[in-house]
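K.L.:
Pasting the sequence and the predicted model now:
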Amino acid sequence: MVLGFKQETFRDDYTYCNSPREIKRFPFPFAEDRYMYSVNIEPHGKGKEGSVFEFALDIDEHYVAECIDKEITLEQDPGRYESLSHMMDAQWDFVELSMESLARDYPEHFSLKKNGLQWTWENKPLGIKDTFTFGDASTLAMDPFEYMGRQAQGDFVLLDQRDETLYADAGFVTTQADWSLAFNVGMSWKEWHGPVPRVTELGVMDRALKYLLNLQLGSPVRRLNWTMTINPRLDTSPESFPRWGSDRNTVNADNVGDRVHLRVELQSLFRLPRSNAIMFGVRCYLISLNEIATYPRWAKRLHRVLKDLHPDLIEYKGMTKFHPTVVEWLANFDDGVILELGTQPE
Amino acid sequence: MNMINIKVAAIEQVTPLVKHFTFVNKDGTALPAFSGGSHVVVSLDINGRVHRNPYSLMGSPEDTSAYHISVRKQEKSRGGSEYMHENVAVGMQFKITYPVNLFSLAKKGRKHILIAGGIGITPFMSQIADLKRTGADYELHYAFRSPEHGAFVSELEQGCGTKFHCYTDSNGERLNLDELLSQQPLGTHVYVCGPNSMVVAVLEKARNFGWPENHIHSEQFLAPPIGEPFKMQLARSNKEILVPAEMSMLEAIEAAGVEADFLCRGGVCGRCELQVLETDGALMHNDHFLTDAEKASCKKIMPCVSRAKCERLVLDI
Amino acid sequence: MERGYWIRSKPVYTSLMWQEKATSHLVVAQGSGGMAVLKIFQQMHPKQPITVLYAPSSDSIVDYASTLKKVVPEGLQLFDSVQEMLTTLKEILPTMYMGMRVYVAGSEGFIWTIAESAKEFGIEDIDMIKELTGTLARSIYCVHCKAITHNITTNIGKCAGCERMLFVRDHFSRRLGAYMGLMVDAESPGQLPEIEEIYP
């Protein structure tokens, strides 16, 4: 499939928006009227054609613009990429996984040619073509993980497995929902899930860890997570909080549909072969409330979910200031009709 | 569960009791890379009954053209190792799982002491390839019964040089754990794989010297023990089935057509854990996974290696 | 409805207790941590070799050096500063064997300075026995400019790097030895909550 890549921005003038095709394939996360925090892990197998689950790594019309935005974020703050020294095997595992899946799933845009350990990678949308020796970091201009982290949408964290837990020992994180890689790198599973509301807890994190420790090569899994962001901003990091924090005060009844975005993370987890590490991918999808409302079913469902959200979750997701405005606006779309289970738009 | 179809490419008699099997991908493509210490579970259809046994991968993790395993012929074989020795021939095809690593090297370790007994040498063969590739500091200590049972000794002598130490029991050579474990630099990790007595001795010695738990690693796959037959009820599947003397609970569940999760099938990983809803007798826990408190609670069981002695056992599957 | 937060990144400190299974013991303390060392020697004198390193601290009025000289039977080394102590520590550690147990007592900043040095030699912080003494003062990592400001005793502190007013989050990084500091008035510039001493 040939994708047309848009020119748009995720900062300053915020020209980002979704085409009707992109809205229709948006990974809307709410199957029922009530949101309960859960592990909700499922196999990350080949999904429906055209869906965001179709391929291991999803790219869409925003690919080029997102990669440019990543570059800007990284230039302002090189600490968005970190890798502890024992993670080099995992870095190459990431290179293999990302290059192989992109070249296999989007052959019009990417190609990978292997001649033994001499690999030639071509990324047509970004105009990149390099030949390097797999396993020899000196043959690339930067760390292998950073090299491919810049060429895939979303964030990536490489988790080292030891002492019956997982450690976030490397990361490429530029599109995060308010967590800091520079601060969290090297933390164990329990530590980086440090400050979470008790309501999300209930043993969920322990069960998820137990499951992931046995994650198998060749059987990746995924889950959806969500929050809300003002403006289509990818870089909602604590680092840049002074730049976007005050946006939360700007929401009013007139601009809420345009400004407030549902931010959905498609989180995927792959066991990596050489390092026995786990790749944790966080692919971020942004959609404005106006765009959501083009499908009344979604607007009704979102209204019901947000209306009854636990106060601790409202606070945890940073929605305290604009939550009432959003619920009020969405109420206009909700006629109270019973909605069947499921996340489909219509 | 995703499986790989493989073909037996070569078989070599390494010692009187050990055979080395080389597997290649059935379709001729590369096999997935893996990490040192990984194993695969081999599925064998023996007279209509599926046997699934874990074996460590011995080759270099970088060589994806073939996988290598070694099988020791067990005296009290439930059929698996005997079948591998007597019936498996070059060209035969099986299914294996993707590699799983429950015995990985500590990447941050500053030195690695590997201790093998007999067939326990196998996971170290792939670990050594990783250690050599990364230039890590290590020592390999390998003990076996008598010279003819020292599998892969000349290969290891050649590959590891002065880092290799072997101990032939019949020559009166013994590994001195006191000496070995009392004078290792900070940041050293110890790994042991071999007979139960050896594993217990190493764990106990390291702990008594004050080695932190996370610096002590062992792998010991258990074969499901043979026991008395007993009946069990599978609540969610609404089935009552018999576990014969020579079959594990997990195998009996699978034979009844009920799909169950599994990974190592040796009582190590915890993946096949089942909730016990009801029982009127004793659970015979044989795994290394559940804590003593969990075992005592009679609420959980690892069906890959454990059994029960009771009239009534109801499982949540 | 269940309420409240779990902070699972925050280290848990205990009291120093001899670990009986050991090949040797290394006790490291600063300032008020000297009292913890005196207490552990009241428990017993272990049979394995012992090394004790002690440096005074400006925030502790009492210097335990002279009392330690009377109580510690062997292996006591006294220093004028933590810097000197670290130099010696880095000389000692390469000569030590697995089975050496490490005990640290002092301020949180001191504990994690020692942990950082020990890590280079393969000792992980979870394997050290740590006692927090004297002060609850925190080191704060500014997430915006990456500077670390020490000895913060209030809920909000000024970053020594970028001078932003930082809210001290209850989220701790062992690698940095510091809590996360986040600009407190980013949402509403100039609006500062009341500053209170809560980590005396």
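P.N.:
Thanks, I have it. Not measured: the values here are computed from a predicted model.
K.L.:
ok, the closest residue to B:Leu156 other than its chain neighbours - contacts?
P.N.:
Closest residue in space to B:Leu156, ignoring its immediate chain neighbours: B:Phe164 at 5.1 Å, by C-beta to C-beta, 6 or more residues apart in numbering or on different chains. C-beta here means a position set from N, CA and C on the backbone, and glycine is covered the same way. B:Phe164 makes contacts with B:140, B:142, B:156-157, as judged by C-beta atoms under 8 Å, 6 or more residues apart in numbering or on different chains.
K.L.:
and if you look at C:Arg175?
P.N.:
A:185-187.
K.L.:
repeat for C:Ser66
P.N.:
C:Ser66 neighbours (C-beta under 8 Å, 6+ apart): none.
K.L.:
How about C:Ile40?
P.N.:
Contacts of C:Ile40 by C-beta under 8 Å, 6+ apart are C:16-18, C:27, C:103.
K.L.:
Now the helix or strand harbouring it - C-alpha only, PDB.
P.N.:
Assigning secondary structure by DSSP states H and E places C:Ile40 in helix C:33-43. Taking Å, rounded to 0.1, in the frame of the first residue of the first chain, the C-alpha atoms of helix C:33-43 are listed here in PDB:
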ATOM      1  CA  GLY C  33      25.300   7.700  60.700                       C
ATOM      2  CA  GLY C  34      28.000   7.200  63.400                       C
ATOM      3  CA  MET C  35      25.300   6.400  65.900                       C
ATOM      4  CA  ALA C  36      24.000   3.600  63.700                       C
ATOM      5  CA  VAL C  37      27.500   2.200  63.700                       C
ATOM      6  CA  LEU C  38      27.700   2.400  67.400                       C
ATOM      7  CA  LYS C  39      24.400   0.600  67.700                       C
ATOM      8  CA  ILE C  40      25.400  -2.200  65.300                       C
ATOM      9  CA  PHE C  41      28.500  -2.900  67.400                       C
ATOM     10  CA  GLN C  42      26.300  -3.200  70.400                       C
ATOM     11  CA  GLN C  43      24.600  -6.100  68.700                       C
END
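K.L.:
quick revisit: just among the contacts of B:Phe164, which is most surrounded?
P.N.:
B:Tyr142 (25 neighbours; other C-beta atoms under 10 Å in any protein chain shown).
K.L.:
Do you know the pLDDT at that one?
P.N.:
You'll see B:Tyr142 listed with a pLDDT of 98.
K.L.:
Could you do the one 3 residues further on as well?
P.N.:
For B:Arg145, the model assigns a pLDDT of 94.
K.L.:
got it, and C:Ile123?
P.N.:
pLDDT, read off for C:Ile123, is 93.
K.L.:
now check stretch B:203-213, is it near chain C?
P.N.:
Yes. Stretch B:203-213 is in contact with chain C by C-beta under 8 Å from any C-beta of the partner chain, via B:207-212.
K.L.:
Any chance of JSON lines for those, columns distance to chain A, neighbour count and secondary structure?
P.N.:
As requested, the residues of stretch B:203-213 next to chain C are arranged in JSON lines below (distance: C-beta to the nearest C-beta, whole Å; neighbours: other C-beta atoms under 10 Å in any protein chain shown; DSSP: H, G, I helix; E, B strand; the rest coil):
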{"residue": "B:Arg207", "distance to chain A": "16", "neighbour count": "15", "secondary structure": "helix"}
{"residue": "B:Asn208", "distance to chain A": "21", "neighbour count": "16", "secondary structure": "helix"}
{"residue": "B:Phe209", "distance to chain A": "19", "neighbour count": "20", "secondary structure": "coil"}
{"residue": "B:Gly210", "distance to chain A": "17", "neighbour count": "21", "secondary structure": "coil"}
{"residue": "B:Trp211", "distance to chain A": "14", "neighbour count": "24", "secondary structure": "coil"}
{"residue": "B:Pro212", "distance to chain A": "10", "neighbour count": "19", "secondary structure": "coil"}
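K.L.:
Most widely separated two among the residues you listed?
P.N.:
Spatial extent of the residues of stretch B:203-213 next to chain C (C-beta to C-beta) is set by the pair B:Asn208 and B:Pro212 at 12.8 Å.
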